[in-house]
Every structure is written in C-alpha cells, then in structure tokens.
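1. coordinates for the following, if possible.
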Amino acid sequence: MKRLDSISQIKQWGRMNKIYIVDANIILRFLLQDVISQFNQAKKIFMEAKNGKVKLIIPQIVIFEINFTLKKFYNLEKEDIIEKIGQIVSTEYIEVESRKLFLMAIGLYRRKNISFVDCFLISKAEAEEAYLFTFDQKLKKLQ
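-> Purely as a prediction, here's the structure:
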C-alpha cells in the first residue's frame, strides 16, 4: 500500500477508498476456511487490501477474541493458535493495532506457559518501561 504522509493525503485516500474495521469472524472464516462462501468473501477483501484498494484495520480486542475463540470453541493447540494469530499480525498490508506488542507477545507465548493476555501485558509493560501491577505471583516472576 502506498505510504500516506500527510493528513490531507490520508483524507483524500479515505474519500477515494474504503476503510474497514475488521471483526473477528471475518478473520476466523479466512483462517479456518470452514464456511466456504464467507471464506471467499474474506479472501476477496484481503486481496483488495493487498492491492491497495481498501484499508483494513484490526483493533487489539479482535486479536484477543480470535485467540479466545480458537482456544475455547475450536480447541486448537497452542502452536496452531500462535501460527494463525502470527499470520494475521505479520501481514503488512493490514493495519493491526499494537502490531509490535502482539509480535512480542506471540514470542513470549511460544516460550512460556502463561496466557496470551498475560504475555501481552508483559510485552506492554516492557515496551512502556513500566512495571506490571498484579497479584498473580507467576506473572510477577516473569517481569
């Protein structure tokens, strides 16, 4: 996607192209390919984003919802979840809120036996050069 450096360029691009906030179910259909008609629609919009025709934004909460759904409803193994979340977070033509933090959290999640949310919190604290305030003794030891 073309880099937009000024506010006027961004506004002009927004008038000519659509910007979408992407819900978890779009990403899940794309990753799981379990509902073919929805997978095809999701694939189409991802291709449009790749070609610079639309802008896709994934908020933080959606990444957490994907993790929860893959774990609790689809019973995926941790490594499969890491692979799928990593695939989305690493896709450069999609704007993922807090991308760098998620990449840090994924690396930590791969190495440690703690929740994805806890990995994100540790990564956030590290990035902010802050302390994590928690009663979780296991989590305290990791800071």
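2. all strands of this structure, in order?
-> Remark: strands assigned in the chain by DSSP state E are 18-21, 54-58, 95-96.
3. sheet-wise, list the partners of the second one with their directions.
-> Okay, so that is strand 54-58. Paired strands of strand 54-58, with direction, are strand 18-21 (parallel), strand 95-96 (parallel) (DSSP bridges).
4. let's have these in CSV, adding mean neighbour count.
-> No exception for glycine: its C-beta is placed from N, CA and C like everyone else's. Below are the strands paired with strand 54-58 laid out as CSV (neighbours: other Cβ atoms under 10 Å):
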stretch, mean neighbour count
strand 18-21, 12
strand 95-96, 20
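5. check these for me: which has the lowest mean pLDDT.
-> Note on these: strand 18-21 shows the lowest mean pLDDT, a mean of 93.
6. mind checking the strands of the chain for the one nearest to Leu108?
-> Leu108 lies closest to strand 95-96 among the strands of the chain, at 17.0 Å (Cβ to Cβ).
7. quick one: buried residues of stretch 53-72?
-> Buried residues in stretch 53-72, counted by 16 or more other Cβ atoms under 10 Å: 54-56, 58-59, 62-67, 69-71.
8. who's in contact with Glu95?
-> Contacts for Glu95 (Cβ atoms under 8 Å, 6 or more residues apart in numbering) come out as 55-58.
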